[in-house]
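# sharing a model prediction with you, sequence too.
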Amino acid sequence: MSNKEWPLWEVFIRGKQGLNHKHVGSLRAADAEMALENARDVYTRRSEGISIWVVESNNVFASDPSESQEFFEPADSKIYRHPTFYDVPDGISHM
Amino acid sequence: MKEVNITEMERKFQEKIDQDIKIEPKDWMPDDYRETLIRQISQHAHSEIVGMLPEGNWITRAPNLRRKAVLLAKVQDEAGHGLYLYSAAETLGADREETIDDLHSGKAKYSSIFNYPTLTWADMGAIGWLVDGAAIMNQVPICRCSYGPYARAMVRVCKEESFHQRQGFEIMMTLAKGTPEQKAMAQDALNRFWWPALMMFGPSDGESKHTAQSMKWKIKRSTNDELRQQFVDVTVPQAEMIGLTLPDADLKFNKATGHYEFGEINWAEFWEVVKGNGPCNKDRIDTRRKAKEEGLWVREAATAFAQKRAARKSA
Ligand SMILES: [Fe+2]
Ligand SMILES: [Fe+2]
Ligand SMILES: [Fe+2]
């Protein structure tokens, strides 16, 4: 492995206890431990996080935007999954 | 057939832009849009990195520990800004190494302001106040840029920039209130940085060749002259407040328009600096090249250490 291209890592940060990890950006580093330290230095200089995940970008398997219409179609056609689909008569509350 | 498809895709692409739908890395985009963004984002990244040099020049000579800690934190932020931006350029397929080599070969540009020398401590004040101030003016609209990763990087950057401007203004204010020598030093820094700061917004709208297309693509959201005027309008009262004089005999407030009118920018000087003939162009690039060469062993050591650690884990 030449030093030319260190792998690319995606960085996810948990802002505070009780929140989920959220993607914040990416960086290059020689291995996972160094990616974690770099992520701390680059993305949490102002205490933006209490937990960091780094994932090598190669390992992210993503949906294809050009096929997103077909891919997400099953959900689009099922409007009865939303509460607003149903009529609730006046006078009914707590529902 | 293929021609028709491209035209159709471009039409759909522009429709998305017009509806303020962000473009994300894997979405289809016209080649020119991609190239324009790569050029602009990498130039911006280079400006952050080269921008560390004029201020880095004063870290060891800061007048006290507080100022030193602040300046160090500011310069470290600029390194972070460079990194966010190189990463954003990479999402478009730009090669990191090549991007940096283009800076070092002189092929890629960076903001002309960083080719001026920092002669006194007051320059740290002038840079934070004016240069970061102008950068904020430029960068706030880019938070609404059509390309998602660039827009998101700008949101982070803008959050961090406001302390940069305040610490600079504080330096200027302190010097302006100091001894006559200190005040003169602040005035001298303002005299030297005012016009180059106005040049940071780039050529006048009539001369700017990319503006129209970039506005249509929402890569740019305001024109150079609009931003420059905004900057003058907010900065003049700040200078007055701390008792410093802007080096422009033609500067005057126009009651009818509500804006300040200002003198002619020396565009010949601007283009000379852009072409590489500013006072520090050569020095800046030499320093970056040297940093890359002399840092090679650190990058090699990190790679060797990663290999050693991986071998130990698999053993
Ligand atoms: Fe910056
Ligand atoms: Fe910047
Ligand atoms: Fe800054």
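On my side now, so go ahead. Numbers count the residues shown, from 1 in each chain, chains lettered A, B, ... in the order given. Ligands and ions are numbered 1, 2, ... in the order given.
# next, the contact list for residue 85, please.
In the absence of a named chain, chain A is used. Counting by CB atoms under 8 Å, 6 or more residues apart in numbering or on different chains, A:F85 makes contact with A:I79. C-beta here means a position set from N, CA and C on the backbone, and glycine is covered the same way.
# should've been chain B
Counted by CB under 8 Å, 6+ apart, B:L85 has contacts B:41-42, B:44-45, B:48, B:150, B:153, B:157.
# any chance of those in TSV, plus pLDDT and distance to B:T235?
Shown next, in TSV, are those (pLDDT from 0 to 100; distance: CB to CB, whole Å):
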residue	pLDDT	distance to B:T235
B:I41	97	27
B:S42	97	28
B:H44	97	22
B:A45	98	26
B:E48	98	22
B:Y150	97	26
B:A153	96	25
B:V157	96	20
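# select from those residues every entry located in helices.
Mapping the contacts of B:L85 onto helices (DSSP state H) picks out B:41-42, B:44-45, B:48, B:150, B:153, B:157.
# can I get the contacts of B:L85 in JSON lines with neighbour count and distance to A:V88?
Below are the contacts of B:L85 laid out as JSON lines (neighbours: other CB atoms under 10 Å in any protein chain shown; distance: CB to CB, whole Å):
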{"residue": "B:I41", "neighbour count": "28", "distance to A:V88": "51"}
{"residue": "B:S42", "neighbour count": "26", "distance to A:V88": "56"}
{"residue": "B:H44", "neighbour count": "26", "distance to A:V88": "53"}
{"residue": "B:A45", "neighbour count": "27", "distance to A:V88": "55"}
{"residue": "B:E48", "neighbour count": "23", "distance to A:V88": "55"}
{"residue": "B:Y150", "neighbour count": "24", "distance to A:V88": "45"}
{"residue": "B:A153", "neighbour count": "28", "distance to A:V88": "46"}
{"residue": "B:V157", "neighbour count": "24", "distance to A:V88": "48"}
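# before we move on, the earlier item: of the ones in helices among the contacts of B:L85, list those near ligand 1.
Taking CB under 5 Å from the ion as the test, ligand 1 is in contact with B:E48 out of these.
# ok, which pair from the ones in helices among the contacts of B:L85 is furthest apart?
B:S42 and B:V157 (14.9 Å; CB to CB).
# picking up where we left off before, could you list which of the contacts of B:L85 also contact chain A?
Among the contacts of B:L85, the ones lying near chain A by CB under 8 Å from any CB of the partner chain are B:A153.
# what's the closest of the contacts of B:L85 to A:L27?
B:A153 (12.3 Å).
# would you mind naming what in chain A lies close to chain B?
A:1-6, A:8, A:25-31, A:33-34, A:41-42, A:45-46, A:62, A:64-66.
# over in chain A, which residue gets nearest ligand 3? Let me know.
Using CB to the ion, the closest approach of chain A to ligand 3 is made by A:R45 at 13.0 Å.
# could you count how many residues lie near B:S314?
B:S314 has 6 neighbouring residues, counting by other CB atoms under 10 Å in any protein chain shown.
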